[in-house]
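# Got a sequence here, can you build the structure:
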Amino acid sequence: QRYFGEKTLIAFIALLSAFIPLSTDLYLPALPSMMEQYQVTEGVLNLTLIVFFIFYGLGTLFWGPLSDKYGRRPVLLTGLGIYIVASFLCSCSGGIAELILFRSFQAVGSGAVTAVATAMVKDVFGGRRRIVVLATVQSMMLVAPAVAPVLGAMLLEVTTWQGVFLALTGIGTVALGGALLLTETLETRFTGTVIGALGRLGVLLKNGRFTTMLALFSLTSVSSMAFVASSSYIYVAGFGLDEQGYSYFFALNAMGLIFAPVSFIFLSRRYDIRPIITASYIVIGVAGLSVIAFGSTGPLAFAIALLPATFCGSLIRAPGTNLMLEQQRRDTGSASSLISCSSVLLGSAGMSFISLGWSDVILVLGCLNAIIGLSCLIIWSAISRKGG
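Residues are numbered from 1 along each chain as shown. I've put the predicted structure just below:
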């Protein structure tokens with residue numbers, strides 16, 4: 001890299017990887033007030049989240065293979081351009097239908113940004129260094145879920161929710177400036193046609209080990225994104241907190257996201273990856289039972305009961321991504337696309353499920369974590385026995 005040292009490049013990749021939590025969590029504190037302004041139900045307003053994740057997932061399937069053919073930098077610049085324009089249009093939308101439409105374009109641009117970010121890690125780093133960088137990037141980027149709701153609540157004290165989307169426009173512009181200084185990281189490009197590049201997705205899915213791991217490490221997105229979609233309603237509408245108070249409790253859970261990758265780097269120096277992942281799935285299941293038992297007693301009890309599941313779900317993300325990337329030697333952009341798409345589509349399913357109008361959302365969240373923890377433990381045990 002001509003303009004980036006290693007640390008600067010890692011920080012830039014972390015910023016690109018943070019586009020999803022920034023694009024969702026920054027305006028979460030405004031959801032209850034937006035519901036009153038638009039006079040729509042929680043389910044309708046949650047479409048601004050659900051549609052975003054659906055189009056983001058589909059967008060990554062398109063951008064990843066294109067980055068294998070044309071390079072990371074052109075795809076990144078295009079995606080950031082789309083994201084900036086769409087974010088500005090979101091701030092100008094006069095109705096819920098317009099907002100949902102512009103959010104879909106914002107999601108497509110985000111798909112290019114994050115697909116390229118993951119692929120760049122494999123382009124530049126290898127061996128144990130790669131998994132450490134993945135964990136480092138994840139830790140840095142997960143500052144966003146902790147900071148975004150707090151920052152969003154602070155913005156709402158001086159502006160409206162439209163101002164939040166203007167802030168996202170500014171973040172996209174800063175990233176675009178960095179992308180213009182980026183030197184291409186892909187050494188060997190796919191030489192076939194665009195259709196051929198997209199067809200590599202099918203080739204990857206025929207790899208049984210990759211596909212099994214893809215399903216396994218994406219399942220935790222169901223429960224984690226269900227929490228994201230319902231958190232403001234639980235804390236504000238359920239426990240009666242104001243927007244600022246909600247942001248603090250949300251940040252408490254997000255701290256688990258931030259410290260988990262650092263903890264994994266520490267643990268991986270002393271223990272094999274397999275027992276770390278096994279223990280994580282056990283903890284997720286037990287945390288789900290704790291939410292069922294104690295989550296309804298108060299906001300602090302709910303946050304503390306859910307925290308171990310949040311922590312362990314984040315802990316296994318870096319080793320899971322690295323294991324999936326190691327299942328093939330090339331088509332890194334396509335593999336990155338499938339990893340992002342699978343996680344996001346399952347996350348969207350979790351958001352849709354939690355928005356079905358349950359009378360006890362906390363109970364449903366607890367059951368989701370308990371079931372997913374047990375299911376993943378069974379699948380992971382089977383993979384481990386086969387040497388996966």
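
# buried stuff in stretch 121-133?
121-125, 130-133 (16 or more other CB atoms under 10 Å). All C-beta atoms are positioned from the backbone trio N, CA, C, and that covers glycine.

# quick one: low-confidence ranges for the stretch 51-200 of the chain?
140-142, 145-146 (pLDDT under 70).

# pretty sure residue 33 is touching residue 153, no?
No - Residue 33 lies out of contact with residue 153 (CB atoms under 8 Å); the separation is 11.1 Å.

# Give me the common contacts of those two.
Contact with both residue 33 and residue 153 is made by residues residue 243, according to CB atoms under 8 Å, 6 or more residues apart in numbering.

# Those two - which one has more neighbours?
residue 153 (23 against 15; other CB atoms under 10 Å).

# What helix or strand is the more buried one located in?
Using DSSP states H and E, residue 153 maps to helix 143-158.

# what's the offset of that helix from the middle of its chain?
17 Å (CA atoms, centre = their mean, to the nearest Å).

# Tell me which residues are up against that helix.
Taking CB under 8 Å, 6+ apart as the rule, helix 143-158 contacts 18, 21-22, 25-30, 33, 163-164, 167, 243-244, 246-248, 250-251, 254-255, 257-258.

# just the buried members of these?
If we count by 16+ other CB under 10 Å, the contacts of helix 143-158 have these buried: 18, 21-22, 25-30, 164, 167, 243, 246-247, 250-251, 254-255, 257-258.

# In helices, which of the residues you listed fall?
Cross-referencing the buried ones among the contacts of helix 143-158 against helices under DSSP state H gives 21-22, 25, 164, 167, 243, 246-247, 250-251, 254-255, 257-258.

# Which of these sits closest to residue 84?
Using CB to CB, residue 167 comes nearest to residue 84 of these, at 12.1 Å.

# what number of residues lie near the nearest residue in space to that closest one that is not next to it in sequence?
What sits nearest to residue 167 in space, not counting adjacent residues and going by CB to CB, 6 or more residues apart in numbering, is residue 155, at 6.3 Å. By other CB under 10 Å, the residues close to residue 155 number 19.

# Would you agree residue 137 is in contact with residue 14?
Yes - at 4.6 Å, residue 137 counts as touching residue 14 under the criterion of CB under 8 Å.

# Who has more neighbours out of these two?
residue 137 (26 against 20).

# Now that one: which helix or strand?
With DSSP H and E as criterion, residue 137 is part of helix 127-141.

# May I have that helix exported as CSV, CA atoms only?
Provided in CSV are the C-alpha atoms of helix 127-141 (Å, rounded to 0.1, in the frame of the first residue of the first chain):
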residue,chain,number,x,y,z
GLY,A,127,-1.9,-18.1,8.4
ARG,A,128,-2.4,-17.2,12.1
ARG,A,129,-1.9,-13.6,11.2
ARG,A,130,-5.1,-13.6,9.2
ILE,A,131,-7.2,-14.9,12.1
VAL,A,132,-5.7,-12.4,14.5
VAL,A,133,-6.4,-9.6,12.0
LEU,A,134,-10.0,-10.9,11.6
ALA,A,135,-10.5,-10.8,15.3
THR,A,136,-8.8,-7.4,15.6
VAL,A,137,-11.0,-5.9,12.8
GLN,A,138,-14.0,-7.4,14.4
SER,A,139,-13.2,-5.9,17.8
MET,A,140,-12.6,-2.5,16.2
MET,A,141,-15.7,-2.5,14.1
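
# Can you tell me which helices and strands that helix packs against?
Counting contacts by 3 or more CB pairs under 8 Å, 6 or more residues apart in numbering; DSSP states H and E, helix 127-141 packs against helix 6-17, helix 96-124, helix 243-268, helix 317-325.

# Contact partners for the nearest residue to residue 314 once chain neighbours are set aside?
Counting by CB to CB, 6+ apart, residue 260 is the residue found nearest to residue 314 once chain neighbours are left out, at 3.6 Å. Residues in contact with residue 260 (CB under 8 Å, 6+ apart) are 139, 142, 310-315, 317.

# Tabulate the ones in helices among the buried ones among the contacts of helix 143-158 in JSON lines, adding columns for distance to residue 117.
Listed next are those as JSON lines, based on distance: CB to CB, whole Å:
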{"residue": "21", "distance to residue 117": "13"}
{"residue": "22", "distance to residue 117": "13"}
{"residue": "25", "distance to residue 117": "18"}
{"residue": "164", "distance to residue 117": "23"}
{"residue": "167", "distance to residue 117": "20"}
{"residue": "243", "distance to residue 117": "30"}
{"residue": "246", "distance to residue 117": "29"}
{"residue": "247", "distance to residue 117": "26"}
{"residue": "250", "distance to residue 117": "24"}
{"residue": "251", "distance to residue 117": "24"}
{"residue": "254", "distance to residue 117": "20"}
{"residue": "255", "distance to residue 117": "23"}
{"residue": "257", "distance to residue 117": "17"}
{"residue": "258", "distance to residue 117": "18"}
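
# Centre of the chain to stretch 247-267, how far?
Counting by CA atoms, centre = their mean, stretch 247-267 comes out at 14 Å from the chain centroid.
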